[in-house]
Structures are given as structure tokens and as C-alpha cells.
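Chemist: sequence first, predicted coordinates after that:
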Amino acid sequence: MVDHVSKPIDPDALYEAVGRHFRRAVGAAALAELPVVPGLDTADGLSRVAGNRSLYRKLLRQFAIEQGLAPAQIAAQLLAGDLGMAERSAHAVRGVAANLGARSVQAAAAELEAALHDNATPARLAELHQQFDAVLNPFVERLRIALGDEERAPEALAATPDPALQAVVIAQMLQYLAESDAAASECLAAHRVVFAALLPGDAFRLFEQHVQDYAFADAQAQLRQAAAAAGMQRAGS
């Protein structure tokens, strides 16, 4: 031990202390390009990982994969009347967003979390949930585009989502497809894990192609058939 940082730990003070005794070589990891996305404070987020740009991009990619599911997950929890779990979900998003510098998402999640904690009226919760969804989904989509296609790794798409979450997302997608609503593309971008779990391999790629080509009738038929095969009668009806 050659130095000391008092608690509570201040990241800036910690990195300054480490920097006095350690000099990292500048390489590809340090020079990795940072995404430019509205609502993302990369300077703040980068400061929390000691300036490691490669690690920061990895965490952003993980956020894009996992947290895009949050609005539908919270919707399912609200529908089930589990306000405590919904509050914890909002809290988790807020914490991760704060650590990454995703300020717009952090603010929307914090407001929803506070309303859940205070037992706000169903109408108010619905309003804040919609606001949260309207902030998070575009953010995730822009982040995904800015990062490129690396976040679509097979192991990430192979994750199995919560059944209640899956049912809500699929029902929503079927509605978009039935109404030829372009929001189907945003739904797919935000909830790729859900659709990849239901439509593995080539089936998912075909479904994605249908949605991208606005072949909504074909996409609807494929999704409905897959949902019915999985025993999701309500979503597939």
C-alpha cells in the first residue's frame, strides 16, 4: 500500500491516486470510439470506468441488449399488480443508467421509481410508464445504431426472457403488425431478445427481414404461428 483514499470513495480521487503510481499504455482499448447519442454523457460514464473506453462500450452494449426489455417487463409487473417488483425494476434501470451517464433514461426511471414508491394512482403510473418507454426505447435504438451490430451476439440473443414479459411484448408486436404500424420496427429493435427466444436461428432472421421490408402480414403470420406453437394461445389468437 503506497497511498490512501478515504471513504466514501470519490471516483476522481481514486483514479488520481492510482494514476500517481500507475501509467497505462495507450492502445486500441483506450482509443475505442465513443458513441454519440442524445441523452448520453460519455464523459461522466467514462469517468466511472477509469477512462477505459473498451470497457465502457461493452457496458453500453450490454445496456442496449438488457435494458431495452425494461418497459415491457415493468408493464407486465404493473399488470400483475406487483408494484414492489416494478419499483425494483425501475430502480435497477436508474442505477445502471446513472453509472453509464445515460441521463435522460436515469431521469425517466427515477420519476417512475418515485411514483411507484409513493403508491401513485394507476393513471399516474400509466402516464409515467409511457414516458419512461418513450425515453428508453429511442435511446436504446440510437445507442444500438451508434455501437454497430456487435451487440447482436448469438449468446446475447439466446437469453430466455421472462414468460410474462414475452407475452406482453408479443401481444404488442402482433397489434402493431395487424395495424401495419411502423412502430413494429422499434418494438423489434428494443426487444430483440424476446423475439430471438421465440424464433431461433433462421426463423428470427426471416422475421426481422419481414419487419424491415414492411411485409407486416407475413411477419404477423409467422409470429402468430410461433406463439401458438409455444402455447401462447392468447398472444397467438
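Modeler: In hand now; what should we look at?
Chemist: which residues does stretch 113-129 contact?
Modeler: If you take Cβ atoms under 8 Å, 6 or more residues apart in numbering as the criterion, stretch 113-129 is touched by 71, 74-75, 78, 83, 86-87, 90-91, 94, 108, 111-112. (Each C-beta comes from the backbone N, C-alpha and C, glycine too.)
Chemist: one more time with 6 Å
Modeler: Contacts with stretch 113-129, where a contact means Cβ atoms under 6 Å, 6 or more residues apart in numbering, come from 83, 86-87, 90-91, 94, 111-112.
Chemist: can you tell me which of the residues you listed are buried?
Modeler: When those are checked for burial by 16 or more other Cβ atoms under 10 Å, the buried set is 83, 86-87, 90-91, 94, 111-112.
Chemist: JSON lines for those residues, including distance to residue 210 and pLDDT?
Modeler: Listed next are those as JSON lines, based on distance: Cβ to Cβ, whole Å; pLDDT from 0 to 100:
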{"residue": "83", "distance to residue 210": "37", "pLDDT": "92"}
{"residue": "86", "distance to residue 210": "32", "pLDDT": "91"}
{"residue": "87", "distance to residue 210": "37", "pLDDT": "93"}
{"residue": "90", "distance to residue 210": "33", "pLDDT": "93"}
{"residue": "91", "distance to residue 210": "37", "pLDDT": "91"}
{"residue": "94", "distance to residue 210": "35", "pLDDT": "92"}
{"residue": "111", "distance to residue 210": "36", "pLDDT": "97"}
{"residue": "112", "distance to residue 210": "33", "pLDDT": "96"}
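Chemist: now, the most widely separated pair of those?
Modeler: With distances taken as Cβ to Cβ, the most widely separated pair in those is 83 and 94, at 16.0 Å.
Chemist: which residues of the protein score low on pLDDT?
Modeler: Applying pLDDT under 70 to the chain flags the ranges 1-32, 149-162, 165, 190, 233-237.
Chemist: repeat the analysis, applying 50 as the threshold.
Modeler: 8, 21-31, 151-158, 234-237 (pLDDT under 50).
Chemist: how about the helices in it?
Modeler: With helices called from DSSP state H, the chain shows them at 11-19, 42-47, 53-66, 70-79, 83-100, 103-117, 122-147, 154-157, 163-178, 183-190, 192-198, 202-212, 216-229, 233-236.
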